[in-house]
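**Student:** Return a 3D structure for these sequence lines:
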Amino acid sequence: MSISQQRLGLMFTLVGPGGVGKNALINAVLERVKNLQQLPTATTRHIRPNEVQGREHLFVTHEEFWQMEANGELLEWQEVTENRFYGIPRATIESGIASGQDLIADIEVLGAAIIRSAYPDNVILIFVAPPTLEALEKRMRDRGDEEVEIIKRLKRAKMEMPYEPTCDYLIVNDDMETAIDNLRAIITAERSRRALLNRRVALGLPRHRIAYCSSVIVYHQGDILWNQETPNLPTTRLLPGEFPHEAAQRWLNDLLQIDVELEQLVSGSWGSHLFVPPIMLKHVPTPHFHQITFVYLFAMTEDINLPEGWSWIPAADAELPAQIRDQLSVSHRAGTGD
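**Tutor:** This is a model prediction of the structure:
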């Protein structure tokens with residue numbers, strides 16, 4: 001039985017736009033909830049006056065950060081803003097889970113998706129949202145944030161908000177005390193749920209699970225690869241310990257019988273060489289589980305013999321989200337030189 005399957009310690013992960021008040025929420029519940037410990041993430045940004053080294057973060061130099069990455073000490077890392085890096089220490093999470101220690105942390109959305117994929121039974125994703133982006137901007141201005149920081153966070157917030165439906169809980173931080181009460185209630189509920197799930201396992205009963213998949217839109221000269229049977233796009237479940245981009249690469253290699261390199265996957269514009277970010281996430285609830293699908297785009301440069309059941313159809317005829325259609329349009333213009 002893996003660390004994740006034991007469902008011992010829980011990892012309460014707050015995600016959402018910068019400046020929305022995640023750290024204030026964490027500090028408040030740490031004072032009011034017993035047996036809860038903050039997970040310090042590694043970062044290259046400077047320490048703030050109200051922070052303590054090793055509590056909110058491990059504040060390291062760029063050289064120290066890359067040494068941690070080279071030593072395999074980081075589960076993942078991201079460049080959240082230009083030349084400002086954050087990483088999740090692997091050993092701290094695993095020791096907390098194995099010992100039954102409940103952890104809480106503020107982690108950016110892709111990092112949160114990665115640790116959820118690695119520890120699906122232990123990670124609880126809580127999206128903290130502002131009432132509006134206008135309210136978020138006012139909050140940052142009222143507390144005296146620098147203009148350049150406000151611009152960066154608002155730009156990133158527009159990318160982060162679509163991840164809200166993929167989380168387990170939503171807290172709209174319109175009133176801090178109400179938000180604190182909501183977070184405490186979530187922690188209490190999940191601890192109760194953990195006790196029940198562990199009891200179900202002891203009785204040999206199944207527990208509710210989240211299924212992770214990777215899907216690829218294979219694109220060629222204005223057409224996409226399509227199957228009349230569901231799923232219409234090449235889609236596969238993630239294998240244990242497999243990153244989403246690795247699953248996409250594996251499935252394309254098996255399906256198309258060609259060598260697909262990771263560099264050929266069109267993805268999000270941010271991430272690290274450890275993790276190729278998707279162009280979008282899809283969340284589909286079913287009666288028995290929730291399916292989170294990482295969607296990638298693969299632009300083919302040559303014709304191939306298609307597997308049985310697959311055909312090319314015009315991209316305009318496929319039922320695709322607007323975000324995907326926009327990306328296909330950009331990729332097509334880039335490929336044609338328009």
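**Student:** my guess is Tyr163 meets Gly111, correct?
**Tutor:** No - here Tyr163 does not reach Gly111: they are 11.4 Å apart, not a contact under Cβ atoms under 8 Å. Heads up, the C-betas are built off the backbone N, CA and C, glycines and all.
**Student:** between these two, which one's more packed in?
**Tutor:** Gly111 (25 against 20; other Cβ atoms under 10 Å).
**Student:** downstream neighbour of the helix or strand encompassing the more buried one in the secondary structure list?
**Tutor:** Element membership for Gly111 (DSSP states H and E) is helix 109-118. Once helix 109-118 ends, the next helix or strand along the chain (criterion: DSSP H and E) is strand 123-129.
**Student:** who's in contact with that next one?
**Tutor:** For strand 123-129, contacts defined as Cβ atoms under 8 Å, 6 or more residues apart in numbering pick out 10-17, 20-22, 25, 112, 115-116, 161, 163-164, 166-173, 179, 183, 186, 190.
**Student:** Mind listing the strands that strand pairs with, and their directions?
**Tutor:** The strands beside strand 123-129 in its sheet (DSSP bridges) come out as strand 11-15 (parallel), strand 169-172 (parallel).
**Student:** So which of the ones you listed is the most surrounded?
**Tutor:** Stretch with highest mean neighbour count among the strands paired with strand 123-129: strand 11-15 (a mean of 25; mean count of other Cβ atoms under 10 Å).
**Student:** CA atoms of it as PDB?
**Tutor:** C-alpha atoms of strand 11-15 as PDB (Å, rounded to 0.1, in the frame of the first residue of the first chain):
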ATOM      1  CA  MET A  11      -2.500  18.200   2.600                       C
ATOM      2  CA  PHE A  12      -4.800  21.200   2.600                       C
ATOM      3  CA  THR A  13      -3.700  23.200  -0.500                       C
ATOM      4  CA  LEU A  14      -4.900  26.700  -1.000                       C
ATOM      5  CA  VAL A  15      -4.800  27.900  -4.600                       C
END
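**Student:** Contacts for it next, please.
**Tutor:** Here strand 11-15 makes contact (Cβ under 8 Å, 6+ apart) with 22, 25-26, 36, 39, 93, 96-97, 102-109, 112, 115-116, 119, 122-128, 160, 163, 167, 186-187, 190.
**Student:** orientation of it relative to helix 109-118 in degrees?
**Tutor:** Orientation check (axes from the mean of the first three to the mean of the last three Cα atoms, to 10 degrees): strand 11-15 against helix 109-118 gives 150 degrees.
**Student:** How about residues contacting whatever helix or strand comes next after strand 11-15?
**Tutor:** Downstream of strand 11-15, the first helix or strand assigned by DSSP H and E is helix 22-32. Under the contact criterion Cβ under 8 Å, 6+ apart, helix 22-32 has outside partners 14-16, 36-38, 56, 104-106, 128, 171, 173, 176, 179-180, 183-184, 187.
**Student:** and helix 22-32, how far out from the chain's middle?
**Tutor:** 22 Å (Cα atoms, centre = their mean, to the nearest Å).
**Student:** Mind listing what's buried along it?
**Tutor:** In terms of neighbour count (16 or more other Cβ atoms under 10 Å), helix 22-32 has its buried residues at 22-23, 25-26, 28-29.
**Student:** do the same with stretch 303-312
**Tutor:** Buried residues in stretch 303-312, counting neighbours by 16+ other Cβ under 10 Å, are found at 310, 312.
**Student:** Now do the end-to-end distance for it.
**Tutor:** 11 Å (Cα to Cα, to the nearest Å).
**Student:** Under the pLDDT cut-off, which ranges of the stretch 1-150 of the chain? List them.
**Tutor:** 1-7 (pLDDT under 70).
**Student:** one step back: got the contact list for the helix holding Gly111?
**Tutor:** 4, 11, 13, 15, 75-78, 86, 88, 93, 107, 123, 125, 160, 163, 166, 210, 212, 238, 241, 243-244, 268, 270-271, 275, 277, 281, 292, 294.
**Student:** moving C-terminal of the host helix or strand of Trp66, what's the next helix or strand?
**Tutor:** Following DSSP H and E, one finds Trp66 within helix 62-70. Using DSSP H and E, the helix or strand that follows helix 62-70 in sequence is strand 74-81.
**Student:** No further questions, thank you.
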